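**Q** Whatever this is, show me its structure:
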Amino acid sequence: MATTSDQPEKILVIWPPQVLSYFNAGHHLALYQVAGHLRATYPGAHVTAIDASVERLTWKDIGNKLFREQYDVIAVMNEFDGIDGFRRFVAYAKALIPTTSIVTFGRLSGVNPHYFERFDIDAIVENGDFEAGVTAAITAFADRTTEAAGVHLRRNGAWVAPARRGDLLPAEDWYLPTPSEIPHALYDVLYLDDANKFCGIPRRRELVVPAARGCPIGCSYCEVPLIFTKQERRLTVERTIRYIEESFDAAPFEYVAFYAPTFTLDKKWMDELCRELISRGSPYPWKCATTIHHLSEDLIRKMGAAGCIRISVGLETLDPEGSSSLPRAKQKSTMDLDRLSAWCAESGIELNCFVIVGLPGTTIEGVEATIEAVRERGGRARPTVYAPWEDARSDLLDHEMAAFNRQLFVPDTHTLTDDELARAYDIIFGRQPDVTQVFENIPAHPVGLARRPA
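**A** From the prediction side, this is the model:
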């Protein structure tokens, strides 16, 4: 970008090529929200969004795109499981467009921004909304300033830390992607094998609705408060339903996935949503994630009547020793699980429980007992490995950082015996008997039946 009066003519927002260790369409949504926000901010610019991991692009494909388009700015999305292709992408970008400015944003830089200082890039978004951080970086590139809210800037070979936190956008300013922007057909394929315990429902097409940001609960292993603060922001119910209606009219979606850290946190909002959906005949099957603490029998009954077909909760553990390390709102017992599973069963809702393997204070026996308790009550358990982010130093090598992907145990951060480690990996990678059948409760779209993989 040559002068302070210039805005970028071409911007690329990209998730670099990699083999995903995990897929959640909600986590990829930020790619398209940032791109849409930049289009609105720079109306004269051509903004391209590419999810190279999902679109299965080769490095030749990437090289072609970079060399032919000569982007002024590249915003590279980073993730907990996405460091593998980051270095190689930056190398391609700098070799093929030496004058381009590169900013990275995402969940990994939100918890460990200094890790990215080793790469040949120009800015690192640490906190605040991703859209605001990328825009602040682009402004700093144009103005050659040394300050951008929530963004680390490289100036004269040294990194300058942000003087204040990144900006948070009002919910009404969030960009909501149109169906044609996102490769939903490829998402369908990624969700086909439910034994992978990904978040989507197999054999049905998902519309992700980014309902809220921020969370007050404060789990130590969660990045949400670090990046988006503990103050929650939400779309209005009116805009939420309008987006669902417009999207279902435009494309063959079959259910809604509400993307929010704690979806049922705002009871008044939930009451209004359920009332509005019921008044329309509950036409949209939907799922959400929340905590047991923020659910009640009455609310679950309303949710079921409004079309809810799956509730995911952060159960984490029923091991009393490990439970004490969780926030008070998450310290739950078998009795709590009994009540919740009964309420969900009565309302025809599938219960999906997130369980952490290796949570400090827990044992492998405790994890096995927790998962068995979920399955005995007709629920579905989704296990992940505890990632001790306090041990993720900024000087880690690429392969060492990649181990914090919530599927592998990070070396030298646990005390498991070889036998316990083998049992833990069996929980993560072994056979999964509790695969979902909830797709049977979601009517198939006629177009969906025609295009669905066998």
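
**Q** Can you classify residue 216 by secondary structure?
**A** coil (DSSP: H, G, I helix; E, B strand; the rest coil).

**Q** The one 5 residues further on too?
**A** In terms of secondary structure, residue 221 is coil; the call rests on three-state DSSP.

**Q** I'd say it and residue 391 touch.
**A** No. Contact criterion CB atoms under 8 Å: residue 221 and residue 391 do not qualify, at 11.9 Å. The C-beta positions use only the backbone N, C-alpha and C, and glycine is treated the same way.

**Q** These two: who's more crowded?
**A** residue 221 (19 against 11; other CB atoms under 10 Å).

**Q** dump the residue contacts of the more buried one.
**A** 356, 386, 387, 389 (CB atoms under 8 Å, 6 or more residues apart in numbering).

**Q** and those residues as a markdown table, adding secondary structure, pLDDT and distance to residue 153?
**A** Formatted as a markdown table, those follow (DSSP: H, G, I helix; E, B strand; the rest coil; pLDDT from 0 to 100; distance: CB to CB, whole Å):
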| residue | secondary structure | pLDDT | distance to residue 153 |
| --- | --- | --- | --- |
| 356 | strand | 95 | 36 |
| 386 | coil | 93 | 33 |
| 387 | coil | 89 | 28 |
| 389 | helix | 83 | 24 |
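
**Q** tell me the two of those residues that are most distant?
**A** 356 and 389 (13.1 Å; CB to CB).

**Q** isn't residue 445 right up against residue 251?
**A** No. Residue 445 lies out of contact with residue 251 (CB under 8 Å); the separation is 9.1 Å.

**Q** My reading is that residue 124 lies in a strand. Confirm?
**A** Yes. Counting by three-state DSSP, residue 124 is part of a strand.

**Q** so what's it bridging to?
**A** Per DSSP bridges, the residues bridged to residue 124 are residue 104, residue 152.

**Q** Now do it against residue 115, distance only.
**A** For residue 124, the distance to residue 115 equals 9 Å [CB to CB, to the nearest Å].

**Q** These two - which one has more neighbours?
**A** The residue with more neighbours, out of residue 124 and residue 115 and counting by other CB under 10 Å, is residue 124; that gives 30 against 20.

**Q** Looking at residue 356 and residue 389, which is more packed in?
**A** residue 356 (23 against 17).

**Q** Was I right to think the more buried one contacts residue 323?
**A** No. Contact criterion CB under 8 Å: residue 356 and residue 323 do not qualify, at 10.9 Å.

**Q** So which residues of the stretch 151-300 of the chain form strands?
**A** In the stretch 151-300 of the chain, the strands defined using DSSP state E, counting those that start in this stretch lie at 151-155, 158-160, 206-210, 212-213, 233-234, 255-259, 286-290.

**Q** pLDDT weak spots in the stretch 151-300 of the chain?
**A** Regions of the stretch 151-300 of the chain meeting the criterion pLDDT under 70 are absent.

**Q** where exactly do the helices run in it?
**A** 184-190, 224-228, 237-250, 267-279, 297-305 (DSSP state H, counting those that start in this stretch).

**Q** how long is stretch 33-50 from one end to the other?
**A** With CA to CA, to the nearest Å applied, stretch 33-50 spans 12 Å between its terminal residues.

**Q** Any buried residues in it, and which?
**A** Of the residues in stretch 33-50, 33-39, 41-42, 45, 47, 49-50 count as buried by neighbour count, 16 or more other CB atoms under 10 Å.

**Q** farthest-separated two in these?
**A** Every pair of the buried residues of stretch 33-50 checked by CB to CB; the farthest is 41 and 50, at 19.0 Å.

**Q** returning to what we had before: so for residue 124 and residue 115, which residues contact both of them?
**A** residue 109.

**Q** Let's see which of the buried residues of stretch 33-50 end up in helices.
**A** 33, 34, 35, 36, 37, 38, 39, 41 (DSSP state H).

**Q** OK, contacts around the fifth one?
**A** Yep, that's residue 37 we're talking about. 131, 134, 135, 175.

**Q** got it, and the last one?
**A** Residue 41 is in contact with residue 135, counting by CB under 8 Å, 6+ apart.

**Q** So it versus residue 393, what's the distance?
**A** Taking CB to CB, one finds residue 41 at 35 Å from residue 393.

**Q** Show me where the stretch 351-454 of the chain dips below the pLDDT cut-off.
**A** Residues of the stretch 351-454 of the chain that meet the cut-off, pLDDT under 70, sit at 448-454.

**Q** Do you have the strands of it handy? List them.
**A** Using DSSP E, counting those that start in this stretch, strands in the stretch 351-454 of the chain cover 380-385.

**Q** So which residues of it form helices?
**A** 364-376, 398-402, 418-429, 446-451.

**Q** Just say which of those helices is most tucked in.
**A** helix 364-376 (a mean of 18; mean count of other CB atoms under 10 Å).

**Q** What angle do strand 380-385 and that helix make with each other?
**A** Between helix 364-376 and strand 380-385, the angle comes out at 160 degrees (axes from the mean of the first three to the mean of the last three CA atoms, to 10 degrees).
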